[in-house]
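Q: Sequence and predicted structure are below.
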Amino acid sequence: MAWTRRWRIDSRRRLTAIAGLISHTLVSEGAPLELILRTERKEKSPAQRALFHAVCADLAPHLGLTPGETKQLIKEIFYGVETRTVLGVERRFTQSSEDSDREEYSRLIDCAYQTSAEQGINIPDRRPR
C-alpha cells in the first residue's frame, strides 16, 4: 500500500529528530522507500490565481475565445500538450496548473502576457508594481 509522509523542518534539532524517526521505518528490497529533500514549496497565492484569470479574460475577446478556452490555450502553450489514444480516439492532455508552485505560476502569467504581445494584442498589465 502506497503512503506518504511530509515534514516541515525549520531547525537542526527538528532535522535530527526526524532523521531518528526515519531510521526506525521498515524498509526492505521488496518495499523500498524514496526520500526527497527540497526547499519548502511556496504555493501560488490567491492573488496570482485571480491575476491569471483576469489576464485570460482580457485576452479572450481578442482571440474569439471564452476565458476558459483562453486559459486552456495558455496552459497548452506553457506546459505543452501530450496526445494519447483513449478508447480509440486521439485526445490532447496538458498539465494542470494546480500542481504549479508560486514561481512557476508567475511564469505561466508571464506566458499569457507574452502570448498577447506576440500576437500584437495590447491588454492592460495588471501585475502589481
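A: Now that the structure is in, tell me what you want to look at.

Q: Against Thr94, how distant is Ala17?
A: Distance, Ala17 to Thr94, by Cβ to Cβ, to the nearest Å: 41 Å. C-beta coordinates here come from the backbone N, C-alpha and C atoms, glycine included.

Q: so who does the most centrally placed residue in the chain touch?
A: For the chain, Ser100 is the residue whose C-alpha lies nearest the centre (Cα atoms, centre = their mean; 1.5 Å). With contact set as Cβ atoms under 8 Å, 6 or more residues apart in numbering, Ser100 has these partners: Lys44, Leu108.

Q: give me that answer again for 10 Å
A: Glu43, Lys44, Gln48, Phe52, Lys75, Phe78, Tyr79, Ser106, Arg107, Leu108 (Cβ atoms under 10 Å, 6 or more residues apart in numbering).

Q: do the same with Ile22
A: Counted by Cβ under 10 Å, 6+ apart, Ile22 has contacts Arg5, Trp7, Leu33, Leu35.

Q: What strand or helix carries it?
A: helix 12-23 (DSSP states H and E).

Q: Next: Ala117.
A: helix 102-118.

Q: what's that helix packed up against?
A: Under the contact definition 3 or more Cβ pairs under 10 Å, 6 or more residues apart in numbering; DSSP states H and E, helix 102-118 sits against helix 46-63, helix 67-79.
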